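Q: coordinates for the following, if possible.
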Amino acid sequence: MNPRMPKMERHFEDYQPGMIVECGEVGVNEEEILEFGRRFDPQDMHADPERAKFGPFGGIIASGWHTAALTMRLVVERYLSKVSSLGSPGLDELRWALPVRPGDRLRVRVTVLETRPSQSKPDRGIVTSLVEVFNQEGELVMSLKPVNLMRCRPAAAAR
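A: Predicted coordinates for the structure are as follows:
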């Protein structure tokens with residue numbers, strides 16, 4: 001499968017183990033970190049610049065959930081297909097390896113690890129991937145293994 005295939009055309013059969021999709025980059029700024037932190041994760045390290053200076057990271061860092069949300073946006077835009085994505089029953093091994101700081105640029109890469117047809121619903125399959133997020137220095141800042149349900153290509157189109 002060609003990872004450059006328009007994602008709108010991707011179905012379960014197109015997600016092959018070993019396939020790598022580069023999902024692009026997103027910048028992180030202090031204003032967004034503070035806004036997200038104050039709203040959803042109001043710990044000093046995410047929401048209070050003055051107190052964060054004296055915290056374990058020596059300043060403001062993004063909430064891991066903020067990093068995950070930024071990552072999800074790129075995964076939806078560049079990896080998941082609107083014609084076949086049926087949601088997710090969950091994910092495994094979410095890790096925040098390094099703090100994300102204001103001014104960082106995050107790059108997202110997705111690797112298909114495993115695919116298998118659904119045993120209970122023949123119109124779909126299960127795709128397990130590795131999502132890796134790197135900062136501008138190429139350092140891994142976050143990783144996770146999502147499980148996605150994908151619709152199979154319609155029988156008429158497969159002929």
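
Q: the nearest residue to Ile126 once chain neighbours are set aside sits in which helix or strand?
A: Nearest residue to Ile126 in three dimensions, chain neighbours excluded: Arg116, at 5.3 Å (C-beta to C-beta, 6 or more residues apart in numbering). Just so you know, the C-beta spots here come from the backbone N, C-alpha and C atoms, and that holds for glycine as well. Assigned by DSSP states H and E, Arg116 falls within strand 105-117.

Q: tell me which other helices or strands that strand touches.
A: strand 20-27, helix 64-78, strand 124-134 (3 or more C-beta pairs under 8 Å, 6 or more residues apart in numbering; DSSP states H and E).

Q: coming back round to it: does the residue nearest to Ile126 touch Gly125 like I think?
A: Yes. Counting by C-beta atoms under 8 Å, Arg116 does reach Gly125; the two are 6.3 Å apart.

Q: between these two, who's got more neighbours?
A: Counted by other C-beta atoms under 10 Å, Arg116 and Gly125 do not tie: Gly125 has more neighbours, with 21 against 10.

Q: wait, doesn't the more buried one sit right on Ser118?
A: Yes. Between Gly125 and Ser118 there is a contact at 5.9 Å, judged by C-beta under 8 Å.

Q: list residues touching both of those two?
A: Common neighbours of Gly125 and Ser118, counting by C-beta atoms under 8 Å, 6 or more residues apart in numbering, are Leu149.

Q: returning to that earlier point: give me the contacts around the strand holding Arg116.
A: Residues contacting strand 105-117 (C-beta under 8 Å, 6+ apart): 12, 15-28, 67, 70-71, 74-75, 78-79, 100, 124-136, 141, 145, 152.

Q: okay, the angle between that strand and strand 20-27?
A: Here strand 105-117 points in a direction 150 degrees away from that of strand 20-27 (axes from the mean of the first three to the mean of the last three C-alpha atoms, to 10 degrees).

Q: what are the C-alpha coordinates of strand 105-117, in PDB please?
A: C-alpha atoms of strand 105-117 as PDB (Å, rounded to 0.1, in the frame of the first residue of the first chain):
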ATOM      1  CA  ARG A 105       7.400  22.000  17.100                       C
ATOM      2  CA  LEU A 106       5.900  18.500  17.300                       C
ATOM      3  CA  ARG A 107       6.200  16.000  14.400                       C
ATOM      4  CA  VAL A 108       3.900  12.900  14.300                       C
ATOM      5  CA  ARG A 109       4.700   9.600  12.700                       C
ATOM      6  CA  VAL A 110       2.300   6.600  12.600                       C
ATOM      7  CA  THR A 111       3.400   3.000  11.900                       C
ATOM      8  CA  VAL A 112       0.900   0.200  11.400                       C
ATOM      9  CA  LEU A 113       1.900  -2.600  13.700                       C
ATOM     10  CA  GLU A 114      -0.900  -5.200  13.100                       C
ATOM     11  CA  THR A 115      -4.100  -5.700  11.200                       C
ATOM     12  CA  ARG A 116      -6.700  -8.300  11.600                       C
ATOM     13  CA  PRO A 117     -10.200  -8.800  10.300                       C
END
